[in-house]
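Output the structure for:
(2 chains)
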Amino acid sequence: MLSVRGVSKRYESAAGPLTILDGVSLDLARGDAICVLGPSGSGKSTLLFILGALEPPTAGQVTLAGEDPFALSETARAAFRNRNVGFVFQDHCLLPQCSVLENVLLPAVVAPPADHVGRARALLEQVGLKERLDHRPGELSGGERQRTALARALVLQPALLLCDEPTGNLDRAAADRVATMLLDLHAAQQTILVLVTHSLELARRFPVRLELVEGALVRVP
Amino acid sequence: MRLPLVRRGLGHHRGVHAAVILGVATAVTVLGGALLVGESVRGSLRDIALQRLGGVGHVVRSGSFFREALAAEIGGRTSGGTGGAPGATAAPIIAVGGVVTEEAGGRRASRVRVLGVDDRFWSLHRRAITGPGGREALVSRALAEELGAGPGSTLLVTVQRPQSIPASSLFGRRDDLARTIRVSLSAVVAGENVGDFSLDSQQQAARNVFVPLALLQRTLEQAGNVDTILIGEGGGAAAVADRVRASASLEDVGVRLRPVADGALSVESRNGLVSDALAAAAGDAATQTGTRTDGVLVYLANGLRIGDREVPYSVVAAVGDDVLRGWGMEVPVAGDPIVLNDWTARRLDASVGDTVDLEYYLWREEGRMETASARFTVAAIIPMTGLAADPGLVPEYPGITTALHLSDWDPPFPLDLGRVKPADEGYWDRHRATPKAFIPLAVGQRLWGHRLGRFTSVRVTNAGEKAADYAAALRRRLDPLVLGFAVDPARERALASSHGATDFGEYFTYFSFFLVVSALLLAALFFRLGLEQRAAELGLMRAVGFGPGRLRRLFLSEAAILSAVGALIGVAGALAWAGALMTALRTWWIGAVGTRALALHLSPQPLALAAAVVVACALLSAAWTLRDLSRATPRELLAGGSTRARVAGQTGWRTAAVLLAAAVALSLAAWAKAIPLVPGFFGAAILLLAATLLATRAWLGRPAGSLAASPGLSGILWLGMRGAGNRPGRSTLCVALIGFATFLVVAVGTFHREADADEGRATGSGGYAVIAESLIPIAHDPATKEGRSEIGLPEQWPVRRVSRFHLREGDDASCLNLYAPRNPRIIAPEARFLAEGGFRFRGTIAGDAAAQANPWLLLQDDDPSAPIPVIADAASMQYVLHRALGDEMVLERPGADPLRLRFVAALEDSVFQSELIMGERAFRRLFPPQEGYRVFLLDVPRPDETSVVAGLESALADQGFDAVATRDRLAAYHRVENTYLSTFQALGALGLVLGTVGLATVLLRNALERRREIALLRALGYRPSHLQGMLLAENATLLALGVGSGLAAALVAVVPAVMQRGGSLPVAAIAGVAAAVVAAGLLTSFVAAGVVRRLPLLTGLRSE
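The predicted structure follows:
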């Protein structure tokens, strides 16, 4: 269960305090999937980073399965992220010096021992990269890179899957394919999926759509 | 458009450009500083030499004393004595070596320059100083400090009484040669007042004592005489030589023309021996003046004996056969004939045909007096008239011919007055030294001929009233510059020598080589980083139509401006750096230079040269980096893509393998002694270093093992190592920086010299514990009981073995002397030393097995038509004299042909680093005035050599005996060498600092470039410690590669040193250096990790 209560985020700027998020509240259970829409600078990514325990809120509380990551030490919070959160970024963030399989296994390096390699291979097969395990990111197309990032996000079976414009850099066909895989894998793993995007087309594939308007979440019909 | 673009580019990327400027500035600073140090040392040596010479331009010297008045005649001024004219152009002085003791404290200084001077000396130097007068003395500051003396102190100055008659002849004095003057120190003379006056090329403190000229003349029994004339500046050596030729008298060149009986003249030499040259000149003069000459050789017979009848202590004259025939001698007769005067025949009751035994002394130059005898047949008995009654046949021998009575004789040989009868005294009273017997000249020369002359006089008969003409004719035929006078262009020589034996600029450039390379690599690295940072900008410019050539020019313009700015800053830095190095040479590294009188000399040339070289190198490296631009596509560049060098991995491995093979081949060749050991292994080491760097480059760029096989900590480390391979070119540069520095510090450190633990005969000391030098030559052999008795040493002494050497003073040829030795000091060992062998040799040109086993035997060759074989220490030969085995060295000799010396063997790390060693026979032939032995090697039990040294110095104080333990002498040489190495190491350590800075920069740059990657890893749950571990692994990889490659190369380079030390390796030193390098590297890792830890996570994920 992801619980967000009255989360606000303010930054200090030369023109005075800037409120990005203002009392955002949200409750999501495993299997839920929401899409957050909003123009650039509306705070979508900020919300995502707060949910992913990457950036603390100025006010409010975030808990995942009853645990508040911001109450933890930095070390414990890192372990919390590793255990519970999977990220997919707009530009995939793959390490150029590592192969596809190695990129997927990156979270496993600091996770408790398990058959991570087997799961990584299975995930890569599911995203259609079975034949590209030893390829470097530079040898992949944009869609393939994003599918690799998706496999990396899910390799430790996190409860929370956060996606920041995962199809933003892709053409329509590739974007459609990545979105399908994302939703399929979410459904299969019953994660809590939070996705932020500009794309109405992608948003329409989500049952729940929210929009950030002046720092607050508003349900979109 | 180009200029605005360049200007904007420079401004916008000022951070990374500042780093490029810093790198170039550092290189210029280091190189310019090194060259400026060379200029400064040369300038300082020139200053020292000129200050010590004062106003002297030329020096006229002679092997013996001459008239003081000659100075005025040569200088064109009237001799002024004390109170001479200001600005005199010539000053007569006496300059001899001496020993000075401060009476109250008892402190003693040996090898002191004792200068007999008057006001003319100070006037020549244009100094407002007078004296010293009476029994006063002035001293140089260094001598005052060494003695602990000040004004009012009483000094005992011991000098050698000059001997005109050679010690190697029967009548030469071998004992009681020292004279001591008691003087009161009136003042200490500073260097700027010519207190450090010296004609020698030596930078070490001058120990001078100035005593009144008249006092020294009296002490040396040389009233009105001097041995040196100082000539003021101006004029050439040829002009001075002409004045010497024109002004020197017969007396000045040591020739005496004495009227004897029957209107004859006797041509004699001051040393009692007439050389062939003088005899020839005397003959020529006789031909010109219509007179006749006959050579005469007289000798003292201890006894003329027939049976039990004896006439003791009789002069025997060897005269020409014509004279003997004139006396009725039948020629030939059976056996060697002798003509007796009638007085002697009566005393011996001799008749023609009797056999006479003649007993006489012979002085053996090995250091002993022998009694020899010869048998003659009486050929005639003549009355004591005419020539047979002329005491003028015998030159003046002090202590003998001047004695009123036979019993008053004071000869330099044993005399048994018990053998002298009243009749003998009566003969002396009436006839003095008139010869009692005559033998053929050829026989006399066979028995008593001396290497310095085959006659004791030349008799000019029928001279009569032609005496004056004859004297003038003889003088015209004698060239003073052949008979001992020499004109030394002292100022010109000093200036030439001040170029130095050691080019410090060259040395410091060598020492700084790695530092300069490191700085240039850093500049190149920063330039490369700057370009990589601007890859997208380059891509955009390519996309909008800038061709590769135009881009190259644009960025080269930027590089040129950056280099120029760096060079300007570097020039200022070079001044500061050179100042710091000169300060270090005066203080910490004084062991290498031995003087504090070194000052910074500013000169634009070295700075301009350094700036030009570094800017050219920087532009070349920029061009090399820009080369990649033309290879990358605009798309790659726009994607922030690679400007990485595309060295194919296989090519890298292959090239590395070739270099490795070459290194092995070179090592094997050196091992087999097909090529010299040190260059062979050093070359192999450099090749190995290059090979490992190429291999590193290839290894870093290779596909690595899988992360799949590396969970947990090993996965973290794996990621770190992969990071090092992410930018292989950049990483290899770091490895090169660390590798070079490690190689330098370790390799150089291994060459530090320590005292040789082995004290055997095959070492640098030859097994001798003490080396000594005496002021006064010691003629007697201290190895014999009789010799020790004569010298004044106890009969029982703790010396097991002694070896003696002749000495000809000259320039110190060791690393202790910064000046280039133009006239090196030469020693010559006695024959038994050569036969004994010993010492350790680095090399020899010996052809036969015996000489290869004992290269000293090579010194026995003495072919006057061939170069003289000499042996020198290998270090002096290579670094000071700049010669190799088999090379020749030419010594200019006044009045004689230049002397060609040939290096036939090189000693290894020996006590003989200050001199060349020549065979005794050649030495005696070439340097006849250098008699007796002055250098001694003593084999005494260790570790008691210190007490032995003290005992010997005390016992032989009058001889000015100065002894030192050979280990201390070697340590003094090692100190210089080790100081050079420390200098090299210190500069290498600075290179290491630059390497570490480079490593830290690359690490930080990598981290910043990968902040997005690091942010991602943090998002994926990596803890800060994981990230630190990853960076540490990355850094440790580079560090290990750098240290490993440097160490491997260093270990190869030090093989010769290890071999020479019998297989020991300074493991502790190597481990220490390696640990320091690793510690420095890890420290930078922690700094980089700390920076990474503080990187804002969100910015990293958002940024692109």
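
which helix is the longest one in chain A?
Counting by DSSP state H, the longest helix found in chain A is helix A:172-189.

Convert it to PDB, retaining C-alpha atoms only.
Once side chains and other backbone atoms are set aside, the C-alpha atoms of helix A:172-189 remain, and they are given as PDB (Å, rounded to 0.1, in the frame of the first residue of the first chain):
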ATOM      1  CA  ARG A 172       5.000   6.000 -32.000                       C
ATOM      2  CA  ALA A 173       5.400   2.300 -32.700                       C
ATOM      3  CA  ALA A 174       8.200   1.800 -30.200                       C
ATOM      4  CA  ALA A 175       6.300   3.800 -27.600                       C
ATOM      5  CA  ASP A 176       3.300   1.700 -28.100                       C
ATOM      6  CA  ARG A 177       5.300  -1.500 -27.700                       C
ATOM      7  CA  VAL A 178       7.100  -0.300 -24.600                       C
ATOM      8  CA  ALA A 179       3.800   0.900 -23.100                       C
ATOM      9  CA  THR A 180       2.200  -2.500 -23.700                       C
ATOM     10  CA  MET A 181       5.100  -4.400 -22.200                       C
ATOM     11  CA  LEU A 182       5.100  -2.000 -19.200                       C
ATOM     12  CA  LEU A 183       1.400  -2.600 -18.500                       C
ATOM     13  CA  ASP A 184       1.700  -6.300 -19.100                       C
ATOM     14  CA  LEU A 185       4.600  -6.700 -16.700                       C
ATOM     15  CA  HIS A 186       2.800  -4.500 -14.200                       C
ATOM     16  CA  ALA A 187      -0.200  -6.600 -14.300                       C
ATOM     17  CA  ALA A 188       1.900  -9.800 -14.100                       C
ATOM     18  CA  GLN A 189       3.800  -8.600 -11.100                       C
END
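
Quick check: next helix or strand after that helix?
Scanning forward in sequence from helix A:172-189, with DSSP states H and E defining helices and strands, the next element found is strand A:192-197.

Check whether that next one comes close enough to chain B to count as a contact.
No: with C-beta under 8 Å from any C-beta of the partner chain as the criterion, chain B is not reached by strand A:192-197; the gap is at least 12.8 Å. Placement of C-beta: from N, CA and C, glycine included.

list the helices and strands that strand packs on?
Taking 3 or more C-beta pairs under 8 Å, 6 or more residues apart in numbering or on different chains; DSSP states H and E as the contact definition, the neighbouring helices and strands of strand A:192-197 are strand A:33-37, helix A:44-51, strand A:160-164, helix A:172-189.

Can you check which of these gets nearest to residue B:247?
helix A:44-51 (105.0 Å; C-beta to C-beta).

mind listing what residue A:84 touches?
A:64-65, A:158-160 (C-beta atoms under 8 Å, 6 or more residues apart in numbering or on different chains).

leaving aside the residues next to it on the chain, what's closest to residue A:210?
Excluding the flanking residues, the one nearest residue A:210 by C-beta to C-beta, 6 or more residues apart in numbering or on different chains is residue A:217, at 4.6 Å.

returning to that earlier point: what's the closest of the contacts of residue A:84 to residue B:298?
Distances from residue B:298 to the contacts of residue A:84, taken as C-beta to C-beta, are shortest for residue A:158 (123.5 Å).

ok, now how distant is that closest one from chain B?
Plainly put, residue A:158 is 10 Å away from chain B if you go by C-beta to the nearest C-beta, to the nearest Å.

With residue A:64 instead?
When C-beta to the nearest C-beta is the yardstick, residue A:64 and chain B sit 14 Å from each other.

what are the bridge partners for that residue, then?
residue A:2, residue A:67 (DSSP bridges).

which residues sit in contact with it?
Residue A:64 makes contact with A:1-3, A:80, A:84-85, A:159-160, according to C-beta under 8 Å, 6+ apart.

please redo it, this time with the cut-off set to 10 Å
Applying C-beta atoms under 10 Å, 6 or more residues apart in numbering or on different chains, one finds that residue A:64 lies in contact with A:1-4, A:28, A:51-53, A:80, A:83-85, A:158-160, A:192.

Mind checking which of those are buried?
Among the contacts of residue A:64, those classed as buried by 16 or more other C-beta atoms under 10 Å in any protein chain shown are A:2-4, A:28, A:51-53, A:80, A:83-85, A:158-160, A:192.

Mind picking the two most distant members of those?
Largest separation among the buried ones among the contacts of residue A:64 by C-beta to C-beta: A:4 and A:83, giving 19.1 Å.

so what are the domain limits for chain B?
Structural domains annotated on chain B: B:1-54+B:490-644, B:56-232, B:255-477, B:646-754+B:973-1104, B:770-960, as defined by automatic domain parsing.

Now the weakest link among those, please, by mean pLDDT.
Of all the domains of chain B, domain B:646-754+B:973-1104 carries the lowest average pLDDT, namely a mean of 75.

List the contacts of residue 51.
Since no chain was named, I'll use chain A. Remark: with contacts taken as C-beta under 10 Å, 6+ apart, residue A:51 is in contact with A:2, A:4, A:7, A:24, A:26, A:28, A:36, A:57, A:62, A:64, A:69, A:85, A:160, A:162, A:192, A:194, A:196.

wrong one, chain B
Shown in contact with residue B:51 (C-beta under 10 Å, 6+ apart): B:191-198, B:206, B:597.
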